[in-house]
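Trainee: I would like the atomic coordinates for the input below:
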Amino acid sequence: MEYEKYLTFEVDKGMFALPICAVREIISDAADITPLPEAPSFAKGILHIRGDVVPVIDLRRRFGAPPSDTGCVIVTDCDITGTEFLGLAADRVCSVEDLAVAQIKTPPRLLKSADYISGIYKLGERLVLIISPELLITDEFRDSLAQ
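Mentor: As a prediction, the model looks like this:
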C-alpha cells in the first residue's frame, strides 16, 4: 500500500491536512503579521521571513469560523500569489501522519462551496479534510496583494 506524509492541524473544531512536501516551515509565534489595508476579511496580513514577504490567510475566517488569536502560521510553497510562499494561520499543528493514498476519498459534490478540499481521510475517529493551498486564494485576495 502506498502512503504519503501529511501535516495535520486544527482550525476551530475541524482537522485539516497538507501534503508535507508543500510545507516549508511552521512559525509558532506569528505576532509580527502586518495587516493589509483594504484586503478581504480572511487576509490576516503579511510576514517578513528571511527576506521573503509572505501573505497570510486566516483559515478561521476563510472557513467561516469566529475569529480568534492565531496559534501558528504554516508557511507553504505556493507560487500563484506572485510570491513564492503562502502562510496559513491555524489554531495548532497536530502531527505528521502517513496516510494511505488508496483511503483518501474524493469530497462529495455537496461540498462544492469548499472547492479547496482535495480529499477526505478518516484518521482514527476524526475526519481530516485535505486542502490545496492554491485553491484558498480568491481573486479578491490576489488583487489585494497586487496593490
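
Trainee: from here on, contacts and neighbour counts on C-alpha atoms
Mentor: Noted.

Trainee: count of residues packed around Glu97?
Mentor: For Glu97, the number of neighbouring residues by other CA atoms under 10 Å comes to 16.

Trainee: residue contacts, the residue nearest to the spatial centre of the chain?
Mentor: Centrality entry for the chain: nearest residue to the mean C-alpha point is Leu88, 4.3 Å, by CA atoms, centre = their mean. Leu88 sits next to Val56, Ile57, Asp58, Leu59, Val73, Ile74, Val75, Thr76 when contact means CA atoms under 8 Å, 6 or more residues apart in numbering.

Trainee: the residue lying closest to Thr8 once chain neighbours are set aside sits in which helix or strand?
Mentor: The shortest distance from Thr8 to any non-neighbouring residue, by CA to CA, 6 or more residues apart in numbering, is to Ala17 (4.3 Å). Ala17 belongs to strand 14-19 when assigned by DSSP states H and E.

Trainee: that strand: partners in the sheet, and parallel or antiparallel?
Mentor: Strands that pair with strand 14-19, judged by DSSP bridges, come out as strand 3-11 (antiparallel), strand 126-131 (parallel).

Trainee: so how far is the longest one off the chain centroid?
Mentor: Okay, so that is strand 3-11. Here the centre of mass of C-alpha atoms in strand 3-11, compared against the chain's by CA atoms, centre = their mean, to the nearest Å, lies 11 Å away.

Trainee: mind saving the C-alpha coords of that strand as PDB?
Mentor: In PDB, the C-alpha atoms belonging to strand 3-11 read as follows (Å, rounded to 0.1, in the frame of the first residue of the first chain):
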ATOM      1  CA  TYR A   3       1.500   6.100   1.800                       C
ATOM      2  CA  GLU A   4       2.100   9.900   1.700                       C
ATOM      3  CA  LYS A   5       3.100  12.200   4.500                       C
ATOM      4  CA  TYR A   6       0.700  14.900   5.600                       C
ATOM      5  CA  LEU A   7       0.900  17.700   8.200                       C
ATOM      6  CA  THR A   8      -2.300  17.700  10.300                       C
ATOM      7  CA  PHE A   9      -3.600  20.800  12.000                       C
ATOM      8  CA  GLU A  10      -6.700  22.200  13.700                       C
ATOM      9  CA  VAL A  11      -8.800  25.200  12.800                       C
END
